[in-house]
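Chemist: Return atomic coordinates for the entry below.
(chains A and B)
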Protein chains: 2
Amino acid sequence: MRTSLDCLPCIVRQAVDASRMVTDDEAALLKIMKLVFEKLAHADLSATPPEIVREVHAVIRRELHDADPFLPIKKKSTQRALDIAASAKLAIERAGNPFAAALAFSIAGNILDFGMRSDWNEAIISESFSKALERSIKFDDAVLARLHDEIATANMVLVLGDNAGEAVFDRLLIEHFPQRKNVFYAVKSSPVINDATREDAVAAGIDEVAAIVSNGADIPGTILGECSAEFLRIFHAADVVISKGQGNFETLNEDERKIWFLFQVKCPVIANHYEYSVGDWMVLEKEKK
Amino acid sequence: MRTSLDCLPCIVRQAVDASRMVTDDEAALLKIMKLVFEKLAHADLSATPPEIVREVHAVIRRELHDADPFLPIKKKSTQRALDIAASAKLAIERAGNPFAAALAFSIAGNILDFGMRSDWNEAIISESFSKALERSIKFDDAVLARLHDEIATANMVLVLGDNAGEAVFDRLLIEHFPQRKNVFYAVKSSPVINDATREDAVAAGIDEVAAIVSNGADIPGTILGECSAEFLRIFHAADVVISKGQGNFETLNEDERKIWFLFQVKCPVIANHYEYSVGDWMVLEKEKK
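Modeler: Numbering: from 1, shown residues only, chains lettered A, B, ... in the order given. Have a look, this model is predicted:
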């Protein structure tokens, strides 16, 4: 999807929040914001939001001489997710439909997103995990059964990861796949916001259930034109692609191939555009075009 | 006060909203936003918010070839204010303290501000007027008595106007001054957002109770360095200066002279900075430095 004009103030706010997370030097912050505005003045504003956000965060990383400003929050996210992984596992195993329960945790984990807000809001995070623990989100059984059956008969499954921490729950979901032949888990090639890189995926134990593949880019989404040949080969060969998070949805929802999107709707622009509601837990079966 | 980094996303949002009010041509809107970003990249971000906002709105007016994009909403504001002026007048005359009641209406009128949000929100506007009609806002009697007494003994009083429409209630306030020797009402010299110009002040009937003076600038606030000699002479000679609205507060709250500020607190940045709350009705007696 194209960036909406309504995304622009939000992108500027994200830049302010992300920069403040790393420094409180007022002169440095003003300089960063001027460079962010300069970047936006020359950006292709009709690109997808993650492409524009990538440019903004590249400015921040460069100016702050910090290759990974979100590293502390990524570590905290992974730890927070690992802390509840045992209870999550128990809840999944006791559920009538363990696959559905695991899928709920994978979507619950999507709350560990520090793009739109950089602060750690424990209340919102706990609420998301509680919804999965209490199984209070109901999915369409028929849709879930189709995803389950597609995975059961697939020769290759690709999961497009989103955030660090969230990957812990993606691991649980992969563990509850009906079978695990050739499962790949895509991560960003270098840090952008709190998106999972290979290191974050390994910290979540993904390497024990899937082959981790870097997608070749540092966009908080998936722009195929910027991805590596290795990634593209898997993307096109996979029988099932499961895409996590709103950034991947924003960049792949108009793609040709069939994709399953799992995410929490986090912003009013997306919600209004597609007639979702902010806070919705999506299991979206986008058919092949 | 200096612009906060938190003002920047809000300024960008204002630019989007204001541009959309005038056009829905996507290409034109994208071009405007690029020029707004270009302007912000080179602006003095340590200036006051109204100075930066002035630059942004100048871009919008120029690109849309519209010298006064807020003209329709200014006319609607004046009409809405005139529609309740008779009931307001009655409420003021029946009040135990008509001066305090008139002052409440003048602050109620400050809700007619389309800088921070460009859409007409009738619920919020009606609520503000109802508060004045029902006298539900309590002011400090001693503070009001001081303002009343200063006006009573003044040889010259200057009211710094803010928005079109609001001026109708400022007229009611001036009518209830204890005396009206040399009362001046300052307006912007040319259109900026929905700030009152001479034409808007005349439509509100200000010319019947005060001498209207253009301040020489098109800033949605009062930057003395940009004001005309005529305005400055009155500003410095006046025994009492009553400043309406947040924009005038943001640009004059660090000035040397004594100023009375009347406004509604409309944004969290101001609220947090000064420990006010959004929605507070302020009668602020800033002493001479």
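
Chemist: Let me know whether my guess that A:F249 is in a helix holds.
Modeler: Yes. Assessed with DSSP: H, G, I helix; E, B strand; the rest coil, A:F249 lies in a helix.

Chemist: and it, how many neighbours?
Modeler: Other residues lying near A:F249 total 26 when counted by other Cβ atoms under 10 Å in any protein chain shown. C-beta here means a position set from N, CA and C on the backbone, and glycine is covered the same way.

Chemist: Contact partners for it?
Modeler: A:F249 is in contact with A:243, A:261, A:263, A:270, A:282, A:284, counting by Cβ atoms under 8 Å, 6 or more residues apart in numbering or on different chains.

Chemist: Briefly note if the helix or strand containing A:A58 comes near chain B.
Modeler: Assigned by DSSP states H and E, A:A58 belongs to helix A:49-63. No. Applying Cβ under 8 Å from any Cβ of the partner chain, one finds helix A:49-63 out of contact with chain B, separated by at least 11.2 Å.

Chemist: what comes into contact with that helix?
Modeler: A:1, A:3, A:7, A:11, A:14-15, A:18-19, A:22, A:28, A:31-32, A:35-36, A:39-40, A:43-45, A:67-69, A:115, A:191-193, A:218-221, A:223, A:247, A:250-251.

Chemist: thinking again about what came up before, need the contacts of A:F249 in CSV with distance to A:S130, neighbour count and secondary structure, can you?
Modeler: As requested, the contacts of A:F249 are exported to CSV (distance: Cβ to Cβ, whole Å; neighbours: other Cβ atoms under 10 Å in any protein chain shown; DSSP: H, G, I helix; E, B strand; the rest coil):
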residue, distance to A:S130, neighbour count, secondary structure
A:S243, 25, 26, strand
A:F261, 23, 20, strand
A:F263, 18, 26, strand
A:I270, 24, 22, helix
A:M282, 19, 18, strand
A:L284, 23, 16, strand
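
Chemist: So which of these is the closest to chain B?
Modeler: A:I270 (16.8 Å; Cβ to the nearest Cβ).

Chemist: residues contacting that closest one?
Modeler: A:1, A:246, A:249-250, A:276.

Chemist: Closest one of these to chain B?
Modeler: Minimum distance to chain B across those is 14.1 Å, recorded for A:M1 (Cβ to the nearest Cβ).

Chemist: The stretch 1-150 of chain A against chain B: which residues are in contact?
Modeler: So far as Cβ under 8 Å from any Cβ goes, the stretch 1-150 of chain A lies against chain B at A:5-6, A:8-10, A:12-13, A:16, A:20, A:29-30, A:33-35, A:37-38, A:40-42, A:45-46.

Chemist: So which residues of the stretch 101-250 of chain A form helices?
Modeler: With helices called from DSSP state H, counting those that start in this stretch, the stretch 101-250 of chain A shows them at A:122-133, A:141-152, A:166-175, A:198-203, A:229-237, A:246-252.

Chemist: Can I get these in a markdown table including distance to B:E230 and mean pLDDT?
Modeler: Shown next, in a markdown table, are those (distance: least, Cβ to Cβ, whole Å; pLDDT from 0 to 100):
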| stretch | distance to B:E230 | mean pLDDT |
| --- | --- | --- |
| helix A:122-133 | 55 | 96 |
| helix A:141-152 | 72 | 97 |
| helix A:166-175 | 63 | 98 |
| helix A:198-203 | 64 | 98 |
| helix A:229-237 | 68 | 98 |
| helix A:246-252 | 54 | 97 |
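
Chemist: give me the low-pLDDT residue ranges for the stretch 51-200 of chain A?
Modeler: Under the criterion pLDDT under 70, no range of the stretch 51-200 of chain A is flagged.

Chemist: measure A:V59 to chain B for me?
Modeler: Distance, A:V59 to chain B, by Cβ to the nearest Cβ, to the nearest Å: 11 Å.

Chemist: Check A:V202 too.
Modeler: Taking Cβ to the nearest Cβ as the measure, A:V202 falls 35 Å from chain B.

Chemist: check contacts around the spatially closest residue to that residue that is not a sequence neighbour.
Modeler: Distance criterion Cβ to Cβ, 6 or more residues apart in numbering or on different chains; nearest residue to A:V202, sequence neighbours excluded, is A:I212 at 7.0 Å. Neighbour list for A:I212: A:184-187, A:198, A:201-202, A:206 [criterion: Cβ under 8 Å, 6+ apart].

Chemist: rerun that using 6 Å as the cut-off
Modeler: A:185, A:198, A:201, A:206 (Cβ atoms under 6 Å, 6 or more residues apart in numbering or on different chains).
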